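*Asks:* Provide a 3D model corresponding to the input given below.
(chains A and B)
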Number of protein chains: 2
Amino acid sequence: MKIETLRWFNNRLEMIDQRILPAAFEYLSYYTAHSVAEGIRSMVVRGAPAIGVAAAYGVALEALRLSQLLPPGRGKVGMGVDSVNDSTPTLTLPLQGGGNGSVDFNAGMETGFTVLAASRPTAVNLFWALQRMRKVWESVATQTPQQVAQRLLAEAHEILAEDIRINKAMGAHGAALLKDGARVLTHCNAGALATAGWGTALGVFRSAVEAGKKISVIADETRPFLQGARLTAWEMVQESIPVTLITDNMAGHLMAHGEIDAVVVGTDRVAANGDVANKIGTYMVAVLAKRHNIPFYVACPLSTIDLNIASGKDIPIEERSVEEVKGFRDYHWAAEGVKIRNPAFDVTPAELVTGLITEKGVVLQPDVQGIRTLMRQ
Amino acid sequence: MKIETLRWFNNRLEMIDQRILPAAFEYLSYYTAHSVAEGIRSMVVRGAPAIGVAAAYGVALEALRLSQLLPPGRGKVGMGVDSVNDSTPTLTLPLQGGGNGSVDFNAGMETGFTVLAASRPTAVNLFWALQRMRKVWESVATQTPQQVAQRLLAEAHEILAEDIRINKAMGAHGAALLKDGARVLTHCNAGALATAGWGTALGVFRSAVEAGKKISVIADETRPFLQGARLTAWEMVQESIPVTLITDNMAGHLMAHGEIDAVVVGTDRVAANGDVANKIGTYMVAVLAKRHNIPFYVACPLSTIDLNIASGKDIPIEERSVEEVKGFRDYHWAAEGVKIRNPAFDVTPAELVTGLITEKGVVLQPDVQGIRTLMRQ
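*Replies:* As a prediction, this is how the structure comes out:
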């Protein structure tokens, strides 16, 4: 089964609702930047590369929506036209423009960018995609809103297609690192569901299998959102790649018993010095891998590397709602009255990273120099 | 609120049903060794010291039950008497005795011991308590079954009372190790609910607070059975000791941010060389504590030290049902078709243990010599 995490369908963005997987498989439709931002915030879509693609479509959708409110060739009109319906009822776009009831395309677009940028703080691909879309917008600023919208939509399509090409290139580089028969641990879901398809860490597994290697996957369940138990396990079962589920606190026991040969994870942001921000719990796995001399690889498209951030301690770490830790979905088990912490990510220092797997090749023992060299290529 | 995990009430053993805490607080009644064994197996009662106390009562209950089937002074009778009802419907004791329909007190007792010993393999307190009860039984073997039963019941009462005394002694030794204001991580539940009362690790926290220290507790939720989220958080809230709940994969992040000053956990078995078996995930916490130079203490009554086991690798590790990892209780979220592992315990090597807190004092940097010296005192 080919997993299309995001797809353009009937002039709208559709995204698999990852909150209800694997119990149900369902697409939700998106027509505005605001609803896409809410989809990112509420984790309908998650995974840094997928968030980047979703944000790009969010920009394009906003341009399409605003341009449909305007007569061809105009940047500002009265508001006497119907607003396009949005499938997510909680969000409607406040139409921008000097308070006089007119639609201002540029102001509306700026609001769209702002709302998307605020949806999740840690994933750098989000900002990377928004920056790329802004540049395209600027390059066609003299054209009509309708033309701008079409150009932005084409760019979103290209970002999606590129993401899959990049994942397959990473997959090939990463697959070469895995021995035949390797038992590989992964944390969270860096799979097709975290990207436009194929996946970063799970893309490495898919590529290894495609190359004829027998591998088996150990999936941490990844509390509190359970991406490992729900999404990684589901993806691997779909692909018939052998997969074993454990709780997050079992990885050390398995490593101590020689049952794990390598670790491959994804990432939400890599600093200029090679420090890696990824789903909470990644750091623990890296520390354990180091102790047991197990290679720890991070699959990271170049769009995830943030040269503006010197080291991991400058990466903003999102703290999510305490509700997520009380239980799962509406089923709560935690004792009443307890305080709760819910940092969604942690930072793994570069010294614990055996190699960064990128679309341009593998950077072993990543550091400032290695990453600079890679980015210059 | 004084938590009585196990209590003798109306000639039966009552145990708090820890599977349904904190949503409901309820006692279940036990009349036979077989039902107590089932209560241990199904985790109505858990925690090594509490399991030991429960097993002692299981032996006493069995002796009482068998002795009631016999006329005073007889060790064998016909089966024409009613069996005592048992509150747990799935288990009835097959009455022993040469196939001729007679009740054999000794054979019945042996079956009781066997069933109790098979209930959970990792907790050494179980075997310690059974051994102690057997010695008492042997010491009064010439007396009537009724007299034997009364003697065994008295011994079970003594083991319970002793457990609380031991916990308070450990608490005093452990409290001295914690600085005022310390933020202390614990894993699983080594509390009043894991003992006859007061607790081992949580007993240290109670004693520290009683001594006037301000401490705060960070509780790992402890998948899959969630003893931290359900039981430790609940106990600390009852005591008004500040407690913060995290998922098991967040401890590393908090340590890296200087938010944890010490770790105190319980144990199910300590080998002669100081290796510590405890709830799955303890090893990961110990490895992280070592990396961050955070002291890692294990609260362990002497009954938990097993000199017959040379090192941790000889400690049997119970693998529990995969159902526990699929979700929680009847709420399952794991993808269909995934394989699952569920080791219930792991081993922390002695080199990672800063100190063993026992009722006789603290053994720093435990090793064969230190433990031998302690046990000789």
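*Asks:* roughly how far does the residue of the stretch 101-250 of chain A found nearest chain B sit from B:T247?
*Replies:* Closest residue of the stretch 101-250 of chain A to chain B, Cβ to the nearest Cβ: A:N249 (2.7 Å). C-beta here means a position set from N, CA and C on the backbone, and glycine is covered the same way. Per Cβ to Cβ, to the nearest Å, A:N249 is found 9 Å from B:T247.
*Asks:* shared neighbours of those two, which are they?
*Replies:* B:D220, B:R223 (Cβ atoms under 8 Å, 6 or more residues apart in numbering or on different chains).
*Asks:* from the middle of its chain, how far away would the longest helix seen in chain A be?
*Replies:* Scanning chain A for the helix with the most residues, using DSSP state H, yields helix A:145-175. With Cα atoms, centre = their mean, to the nearest Å as the basis, helix A:145-175 stands 14 Å off its chain's centre.
*Asks:* which other helices and strands contact it?
*Replies:* Applying 3 or more Cβ pairs under 8 Å, 6 or more residues apart in numbering or on different chains; DSSP states H and E, one finds that helix A:145-175 contacts strand A:6-9, helix A:48-68, helix A:124-139, helix A:201-210, strand A:296-299, strand A:355-358, strand A:361-364.
*Asks:* any residues touching the helix or strand following it, and which ones?
*Replies:* Going down the chain from helix A:145-175, the next helix or strand is strand A:183-186, by DSSP states H and E. Applying Cβ under 8 Å, 6+ apart, the contact partners of strand A:183-186 are A:178, A:201-202, A:205, A:215-220, A:228, A:232, A:251, A:254, A:259-265, A:285.
*Asks:* re earlier: what angle separates the longest helix of chain A from helix A:201-210?
*Replies:* For helix A:145-175 against helix A:201-210, the angle by axes from the mean of the first three to the mean of the last three Cα atoms, to 10 degrees is 60 degrees.
*Asks:* how about helix A:145-175: buried residues?
*Replies:* A:145-146, A:148-153, A:155-156, A:159-160, A:163-164, A:166-175 (16 or more other Cβ atoms under 10 Å in any protein chain shown).
*Asks:* quick one: that helix to helix A:124-139, angle?
*Replies:* Using the same axes, to 10 degrees: helix A:145-175 against helix A:124-139 is 140 degrees.
*Asks:* related to what we said a few turns ago, checking the residue of the stretch 101-250 of chain A closest to chain B next. Helix, strand or coil?
*Replies:* Per DSSP: H, G, I helix; E, B strand; the rest coil, the secondary structure class of A:N249 is helix.
*Asks:* got a list of what it touches?
*Replies:* Here A:N249 is in contact with B:H187, B:D220, B:T222, B:R223, B:D248, B:N249, B:I280, B:G281, B:M284 (criterion: Cβ under 8 Å, 6+ apart).
*Asks:* do the same with A:P366
*Replies:* Here A:P366 is in contact with A:V270, A:G274, A:A350, A:V353, A:G355, A:L356 (Cβ under 8 Å, 6+ apart).
*Asks:* nearest to A:P242, of these?
*Replies:* A:G355 (23.9 Å; Cβ to Cβ).
*Asks:* tell me, how many residues neighbour the closest one?
*Replies:* 21 (other Cβ atoms under 10 Å in any protein chain shown).
*Asks:* please apply the same query to the one 10 residues further on.
*Replies:* Other residues within reach of A:Q365, judged by other Cβ under 10 Å, total 12.
*Asks:* lowest-pLDDT helix or strand in chain A?
*Replies:* Ranked by mean pLDDT, DSSP states H and E, the weakest helix or strand in chain A is strand A:76-78, scoring a mean of 45.
*Asks:* want to throw the helices and strands packed on helix A:145-175 into TSV with distance to B:L126 and mean pLDDT?
*Replies:* Conversion of these to TSV gives the following (distance: least, Cβ to Cβ, whole Å; pLDDT from 0 to 100):
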stretch	distance to B:L126	mean pLDDT
strand A:6-9	54	97
helix A:48-68	48	97
helix A:124-139	52	97
helix A:201-210	42	98
strand A:296-299	38	98
strand A:355-358	46	98
strand A:361-364	49	98
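*Asks:* any idea how far A:K326 is from A:L254?
*Replies:* Computed with Cβ to Cβ, the distance linking A:K326 and A:L254 is 28 Å.
*Asks:* ditto for A:M284
*Replies:* Distance, A:M284 to A:L254, using Cβ to Cβ: 13 Å.
*Asks:* between those two, which one's more packed in?
*Replies:* Neighbour count, other Cβ under 10 Å: between A:M284 and A:L254, A:M284 has more, with 30 against 20.
*Asks:* give me the pLDDT value at the more buried one.
*Replies:* Looking at A:M284, its pLDDT reads 98.
*Asks:* same for whatever helix or strand it lives in, what does it pack against?
*Replies:* Element membership for A:M284 (DSSP H and E) is helix A:282-291. Judged by 3+ Cβ pairs under 8 Å, 6+ apart, the packing partners of helix A:282-291 are helix A:251-256, strand A:262-265, strand A:296-299, strand A:345-348, helix B:251-256, helix B:282-291.
*Asks:* so is the fifth one next to chain A?
*Replies:* What it means is helix B:251-256. Yes: judged by Cβ under 8 Å from any Cβ of the partner chain, helix B:251-256 and chain A are in contact via B:A251, B:G252, B:H253, B:L254, B:A256.
*Asks:* now tell me what touches that helix from outside.
*Replies:* Contacts of helix B:251-256 (Cβ under 8 Å, 6+ apart): A:280-281, A:283-284, A:287, A:317, A:341, A:343, A:346-347, B:185, B:218, B:220, B:246, B:260, B:284-285, B:288-289, B:291-292, B:294.
*Asks:* what do you get for the fourth one?
*Replies:* Applying Cβ under 8 Å, 6+ apart, the external contacts of strand A:345-348 come out as A:122, A:268, A:275-284, A:286, A:296, A:298, A:312-313, A:315, A:317-318, B:250, B:252-253, B:256.
*Asks:* which of these are buried?
*Replies:* Counted by 16+ other Cβ under 10 Å, the contacts of strand A:345-348 give A:122, A:268, A:275-284, A:286, A:296, A:298, A:312, A:315, A:317, B:250, B:252-253, B:256 as buried.
*Asks:* from the chain's centre, how far out does stretch A:263-272 sit?
*Replies:* Counting by Cα atoms, centre = their mean, stretch A:263-272 comes out at 11 Å from the chain centroid.
*Asks:* now do that stretch, average pLDDT.
*Replies:* According to the model, stretch A:263-272 has a mean pLDDT of 98.
*Asks:* could you do stretch A:174-181 as well?
*Replies:* 98.
*Asks:* report the distance from it to the chain centre.
*Replies:* Taking mean C-alpha positions (Cα atoms, centre = their mean), stretch A:174-181 and its chain are 24 Å apart.
*Asks:* what is the end-to-end distance of it?
*Replies:* 15 Å (Cα to Cα, to the nearest Å).
*Asks:* got the contact list for it?
*Replies:* With Cβ under 8 Å, 6+ apart, stretch A:174-181 has contacts from A:184, A:201, A:203-204, A:207-208, A:210-211, A:213-215, A:261-262, A:264, A:295, A:297, A:299, A:355, A:357, A:362.
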